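S.K.: Sequence first, predicted model second:
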Amino acid sequence: MSVYMTQFAYTAEAWKALVKKPEDRAAVLAEHAQRLGGRVLSFYYCMGEYDGIVIFEAPDETTAASILFTTISPGHLKATKTTALMSVEDTMEAMRRANSHAYPGPRLWSPTPS
């Protein structure tokens with residue numbers, strides 16, 4: 001399964017509702033992701049540009065997108081940013097493959113003598 005990290009920021013209205021009636025959104029998201037074929041690995045709240053971070057796995061990008069689309073659609077999030085994550089092992093394999101192939105960079109441009 002592929003692993004994804006989504007950073008999210010709630011709207012002011014969402015925070016107002018959560019403060020008035022606290023709710024475990026991690027449990028809600030975990031159940032939702034599982035119904036769509038994914039699995040939440042971790043869920044944290046944070047301070048800064050984003051209000052929280054979720055790390056989840058999905059069998060493919062289509063499943064990951066469906067989890068995200070349905071999560072975003074109620075309108076309680078003002079921003080999201082999703083990044084596909086790679087394990088150390090996958091990254092090491094990518095480096096080994098890259099080492100065995102050369103990619104030529106651009107050639108230096110030099111003016112034609114007149």
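M.R.: Yes, it's here. Bear in mind that the values here come from a model prediction, so they are computed numbers and not experimental data.

S.K.: rest of the way, CA atoms for contacts and neighbours
M.R.: Noted.

S.K.: So what sits opposite the residue nearest to the spatial centre of the chain in the bridge?
M.R.: Nearest residue to the geometric centre of the chain (C-alpha atoms, centre = their mean): residue 82, 2.6 Å. Residue 82 has the following beta-bridge partners by DSSP bridges: residue 6.

S.K.: what residues are up against it?
M.R.: 4, 5, 6, 7 (C-alpha atoms under 8 Å, 6 or more residues apart in numbering).

S.K.: what does residue 10 give?
M.R.: Taking C-alpha under 8 Å, 6+ apart as the contact definition, residue 10 lies against 51, 76, 77, 78, 79.

S.K.: Can you tell me which of the contacts of residue 82 lies closest to residue 93?
M.R.: Of all those, residue 93 sits closest to residue 4, with 19.0 Å by C-alpha to C-alpha.

S.K.: Can you tell me the element the closest one falls in?
M.R.: Per DSSP states H and E, residue 4 falls inside strand 2-10.
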